[in-house]
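Q: turn this into a model:
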Amino acid sequence: MSESLPLVGRSLAIFVVATVMMGIGTIAVALRTFVRVHLVRAFGWDDALMIVALVRSP
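A: Coordinates of the predicted model:
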């Protein structure tokens with residue numbers, strides 16, 4: 001097996017990637033919520049659970 005690179009010195013890169021992914025997820029949830037509330041006018045339990053999951057994520 002090949003040895004993996006140590007995580008020492010990679011904390012900034014990990015933080016940046018996590019922040020970008022959280023931002024993309026937040027934008028996706030916000031856009032879906034906007035469409036479901038304003039355009040489709042059918043906000044369901046799955047949409048509410050999606051928002052709860054986003055808020056509860058670390």
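Q: for the rest of this, base every contact and every neighbour count on C-alpha atoms.
A: OK.
Q: what packs against the longest helix along the chain?
A: Longest among the helix segments of the chain by residue count, using DSSP state H, is helix 11-34. Helix 11-34 is packed against helix 45-56, with contacts defined by 3 or more Cα pairs under 8 Å, 6 or more residues apart in numbering; DSSP states H and E.
Q: who are the packing partners of the helix it packs on?
A: With contacts taken as 3+ Cα pairs under 8 Å, 6+ apart, helix 45-56 sits against helix 11-34.
Q: the helix it packs on vs helix 45-56, what angle?
A: Using axes from the mean of the first three to the mean of the last three Cα atoms, to 10 degrees, the inter-axis angle of helix 11-34 relative to helix 45-56 is 150 degrees.
Q: flag every buried residue along helix 11-34.
A: V29, T33 (16 or more other Cα atoms under 10 Å).
Q: which residues touch it?
A: Residues lying outside helix 11-34 but in contact with it, judged by Cα atoms under 8 Å, 6 or more residues apart in numbering, are F43, D47, M50, I51, L54.
Q: rerun at 7 Å
A: Applying Cα atoms under 7 Å, 6 or more residues apart in numbering, the contact partners of helix 11-34 are D47.
Q: contacts only, for R41.
A: Under the criterion of Cα under 7 Å, 6+ apart, R41 has no contact partners.
Q: mind redoing it with 8 Å?
A: Listed by Cα under 8 Å, 6+ apart, the contact set of R41 reads V35.
Q: tell me the secondary structure at it.
A: Using DSSP: H, G, I helix; E, B strand; the rest coil, the secondary structure recorded for R41 is coil.
Q: next, give phi and psi for it.
A: phi 60, psi 40 (degrees, to the nearest 10).
Q: tell me the centre residue of this structure?
A: Among the residues of the chain, the one closest to the centroid is G25, at 2.9 Å (Cα atoms, centre = their mean).
Q: now it: how far from L54?
A: Taking Cα to Cα, to the nearest Å as the measure, G25 falls 8 Å from L54.
Q: so how far is I14 from the residue nearest to the centre of the chain?
A: Using Cα to Cα, one obtains 16 Å as the distance from G25 to I14.
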